[in-house]
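S.K.: only geometry, no sequence info:
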């Protein structure tokens, strides 16, 4: 493989200083037009290809954002990735998409690429298992990172996510208005702030209504009362219902979940779905990171909460109703 032509070779060929050649190829007006033309012609003849990474390190700006996600198959990740691209494109930015592979060390390597000048900053959807050490090298260099949807415990970077507490509160209130009086909360114990906020929102509603609730591992239900199972997704509430189906015989039950419900509602009479506004989340994340790159003096919050896009009700006859 032939070696790339360097600035030094062009300078030697023309008997000029490297600094003069470098300025001319960057379009610096301080170089005389006839000299610039000669340098450009020589660079083309020698097939000179500029080292963009090195140039960007000097200039400090690539107009490029790195977007890191765990899976292209998960619409909750691929959709905000797509929308971020669209919003960045409108602002004149390029976006690279990279898979973190649910591997902290690999994702850390991707973030380290920022220090090599490939991008000005990163939008990052964590997989939920990272710790804040993954961000330290990047933040030490002053490079902006904005988290989308999920938080990294103890991190200081901005997070844009759904108003999960309010969404869970609204889901419980809807079920109560529908006549459900027993509740089973199915949010796993973890340091994930999204899960924590969802749990706290549900508990706030339980306290306000003055009702007791159970968890997946501690089921204490009064006889015969209609019961609502509220959790993060279809899998968690459905599996809990099937595992404990003897308890639910003769009762009306409903499910309250996030994002989507696919197929039959069985054994539930009603399903209520909080649909997250991933387009709004992506738009806000892009606004934040481009503001950071523009050196905006606006102080950024730790968490930006985006309201739920809409609530959908699915009945056991497969009919669906939507309301904001």
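M.R.: Everything's here; your move. The shown structure was predicted, so the numbers you read here are calculated from the model rather than taken from an experiment.

S.K.: Which helix or strand in this protein has the lowest average pLDDT?
M.R.: When the helices and strands of the chain are compared on mean pLDDT, DSSP states H and E, helix 52-59 comes out lowest with a mean of 50.

S.K.: can you tell me the helix or strand for residue 229?
M.R.: strand 227-231 (DSSP states H and E).

S.K.: That strand pairs with which strands, and in what direction?
M.R.: Looking at strand 227-231 with DSSP bridges, its partner strands are strand 182-186 (parallel), strand 253-258 (parallel).

S.K.: Could you check the angle the helix or strand just after that strand makes with strand 253-258?
M.R.: Using DSSP H and E, the next helix or strand after strand 227-231 towards the C-terminus is helix 234-243. Orientation check (axes from the mean of the first three to the mean of the last three Cα atoms, to 10 degrees): helix 234-243 against strand 253-258 gives 160 degrees.

S.K.: Give me the contacts around helix 234-243.
M.R.: With contacts defined as Cβ atoms under 8 Å, 6 or more residues apart in numbering, helix 234-243 is touched by 184, 186, 188, 216, 229-231, 248, 253, 255-257, 260-262, 267-268. Where you see a C-beta, it was placed from the backbone N, CA and C, and this is true even at glycine.

S.K.: For residue 255, give me its contacts.
M.R.: Residue 255 neighbours (Cβ under 8 Å, 6+ apart): 228-231, 234, 237-238, 241, 261, 265, 268, 270-272.

S.K.: just the buried members of these?
M.R.: 228-231, 234, 237-238, 241, 261, 265, 268, 270-272 (16 or more other Cβ atoms under 10 Å).

S.K.: Please name the nearest non-neighbouring residue to residue 267.
M.R.: residue 241 (5.8 Å; Cβ to Cβ, 6 or more residues apart in numbering).

S.K.: three-state assignment of residue 66?
M.R.: Put simply, residue 66 is strand when judged by DSSP: H, G, I helix; E, B strand; the rest coil.

S.K.: how far away is it from residue 192?
M.R.: 23 Å (Cβ to Cβ, to the nearest Å).

S.K.: Okay, now the unreliable bits of the stretch 51-200 of the chain?
M.R.: By pLDDT under 70, the low-scoring segments of the stretch 51-200 of the chain are 51-60, 189-191.

S.K.: where along it do the strands fall?
M.R.: 64-69, 94-99, 121-124, 145-148, 159-162, 182-186 (DSSP state E, counting those that start in this stretch).

S.K.: mind checking which of those strands is nearest residue 309?
M.R.: strand 159-162 (8.9 Å; Cβ to Cβ).

S.K.: buried residues in the closest one?
M.R.: Using 16+ other Cβ under 10 Å as the test for burial, strand 159-162 gives 159-162.

S.K.: Ok, stretch 113-122 next?
M.R.: Judged by neighbour count using 16+ other Cβ under 10 Å, the buried positions of stretch 113-122 are 113-114, 117-122.

S.K.: any idea which of those is the one closest to residue 169?
M.R.: Using Cβ to Cβ, residue 122 comes nearest to residue 169 of these, at 32.2 Å.

S.K.: I figured the closest one hits residue 84, correct?
M.R.: No - counting by Cβ atoms under 8 Å, residue 122 does not reach residue 84; the two are 10.9 Å apart.

S.K.: Now list whatever residues contact both of those two.
M.R.: Here residue 122 and residue 84 have 65, 67 as joint contacts, going by Cβ under 8 Å, 6+ apart.

S.K.: Good, we can wrap up now.
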